[in-house]
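Peer 1: Sequence and predicted structure are below.
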Amino acid sequence: QQQQHHQHHQHHPNHTPQTRDSPVACLAAHPTLPLYASATLDGKIALWHFARLNPVWEFCVGPGQNGKTVALRFNTPGNKLGCACSNGRLHVFTIGVVRGACPSPPFMILNTSMQIKPLHDFHFLKSSGSLIAAAGGNRADLCVCVWDTLLPAATGFRHSFSCHPDAKATCLAYVPGRDILVSGGSKGKMYAFDLTSMTSTGTVDHAHARVDTLAYDERTDVLVSGGLEGDIKLWSPDRRLQILHRFPHVCESRSISRHPGNPGLFSNKAITRVYFQSGNLYACTAEG
């Protein structure tokens with residue numbers, strides 16, 4: 001029986017990656033390949049294959065000087081990976097698909113701290129990902145900004161949107177078909193921006209008590225938001241941001257959340273992340 005038990009565990013190994021790093025703050029799935037990326041709070045980034053126990057690539061963006069890791073994203077084609085840190089540094093890596101999908105060292109470090117600090121979220125824009133939007137800050141005129149990474153660092157800053165007065169921009173979503181950027185804020189407002197004209201086109205004053213997460217699904221053409229009070233809401237992904245449906249109080253009242261951008265801010269209810277996959281909507285809650 002002991003031999004059979006031993007053989008059973010040989011054929012069915014534990015597929016949970018073991019690590020001694022600090023807590024994982026962010027995860028991101030590659031859009032086309034069986035890969036996903038992880039980033040710890042202290043800035044250790046790893047690229048994993050779903051069928052392997054060990055990471056295929058690791059890189060440390062450097063603890064201390066960069067602050068805590070707050071966001072991790074691939075661009076739409078999957079050839080770029082970005083990692084944002086709270087002090088305003090955004091590290092962008094190139095994914096070399098031909099050579100085993102191992103990223104290079106960061107080909108660019110975008111320092112947004114002159115405009116946005118602390119940094120809470122970012123998003124690749126356009127299909128190439130050369131334009132990057134970032135959200136955070138403490139000033140209404142510098143909450144949501146756009147950079148062109150093809151230009152030199154001194155001239156790459158393109159535009160800032162005036163939004164979220166007396167608040168911070170906490171999260172972003174991008175609607176590529178309409179070229180619209182949507183931001184959510186710590187006071188519960190949502191804004192829509194037309195990136196063609198670089199103008200604000202719509203505002204929702206009381207979307208949530210605080211907007212913690214946004215996501216857009218191209219398959220269903222729906223924008224979804226999750227907030228501090230535990231609600232999930234569906235919106236029209238256009239300039240007007242009209243409410244389509246509300247899932248009230250998805251979280252139980254006993255749940256507790258600590259926002260990564262505001263470590264001292266607690267909630268008794270919270271939707272920590274919303275995500276679309278194959279036309280289905282998934283939500284992570286603070287109660288686990």
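Peer 2: Here it is on my side, so go on.
Peer 1: Neighbouring strands of whatever helix or strand residue 36 lives in in the sheet, and parallel or not?
Peer 2: Per DSSP states H and E, residue 36 falls inside strand 35-40. Strand pairing for strand 35-40, determined by DSSP bridges: strand 24-29 (antiparallel), strand 44-49 (antiparallel).
Peer 1: Off-centre distance for the first one?
Peer 2: In this case it means strand 24-29. How far strand 24-29 lies from its chain's middle: 9 Å, per C-alpha atoms, centre = their mean, to the nearest Å.
Peer 1: Make sure residue 240 is actually in contact with residue 202.
Peer 2: Yes. With contacts counted by C-beta atoms under 8 Å, residue 240 reaches residue 202, the gap being 4.9 Å. All C-beta atoms are positioned from the backbone trio N, CA, C, and that covers glycine.
Peer 1: Endpoint to endpoint, stretch 145-158 covers what distance?
Peer 2: One end of stretch 145-158 sits 8 Å from the other (C-alpha to C-alpha, to the nearest Å).
Peer 1: who's in contact with it?
Peer 2: With contact meaning C-beta atoms under 8 Å, 6 or more residues apart in numbering, stretch 145-158 is reached by 92, 108, 110-112, 114-116, 125, 130-134, 159-161, 181, 195, 198.
Peer 1: Return the subset of the residues you listed lying in strands.
Peer 2: Mapping the contacts of stretch 145-158 onto strands (DSSP state E) picks out 92, 108, 110-111, 125, 131-134, 159-161, 181.
Peer 1: Could I have the buried ones of those residues as PyMOL selection syntax?
Peer 2: Buried residues among these (16 or more other C-beta atoms under 10 Å), as a PyMOL selection:
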select buried, resi 92+108+110+125+131+132+133+134+160+161+181
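Peer 1: Which two among the ones in strands among the contacts of stretch 145-158 are spaced furthest apart?
Peer 2: The span of the ones in strands among the contacts of stretch 145-158, defined through C-beta to C-beta, is set by 108 and 161 at 22.6 Å.
Peer 1: So residue 201 versus residue 239, what's the distance?
Peer 2: 4 Å (C-beta to C-beta, to the nearest Å).
Peer 1: what about the stretch 1-150 of the chain, any weak spots by pLDDT?
Peer 2: For the stretch 1-150 of the chain, residues meeting the criterion pLDDT under 70 lie at 1-21, 62-66, 96-106, 140.
Peer 1: how about the strands in it?
Peer 2: For the stretch 1-150 of the chain, the strands defined by DSSP state E, counting those that start in this stretch cover 24-29, 35-40, 44-49, 57-60, 69-74, 80-85, 89-96, 102-103, 108-111, 119-125, 131-136, 144-148.
Peer 1: got the ones you listed as CSV, with distance to residue 217 columns?
Peer 2: Shown next, in CSV, are the strands of the stretch 1-150 of the chain (distance: least, C-beta to C-beta, whole Å):
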stretch, distance to residue 217
strand 24-29, 14
strand 35-40, 19
strand 44-49, 24
strand 57-60, 29
strand 69-74, 16
strand 80-85, 21
strand 89-96, 23
strand 102-103, 27
strand 108-111, 27
strand 119-125, 15
strand 131-136, 19
strand 144-148, 21
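Peer 1: mind listing what residue 282 touches?
Peer 2: Each residue near residue 282 by C-beta under 8 Å, 6+ apart is listed here: 274, 275, 276.
Peer 1: what's the closest non-adjacent residue to the last one?
Peer 2: In space, and not counting its chain neighbours, residue 276 is closest to residue 217: 3.6 Å by C-beta to C-beta, 6 or more residues apart in numbering.
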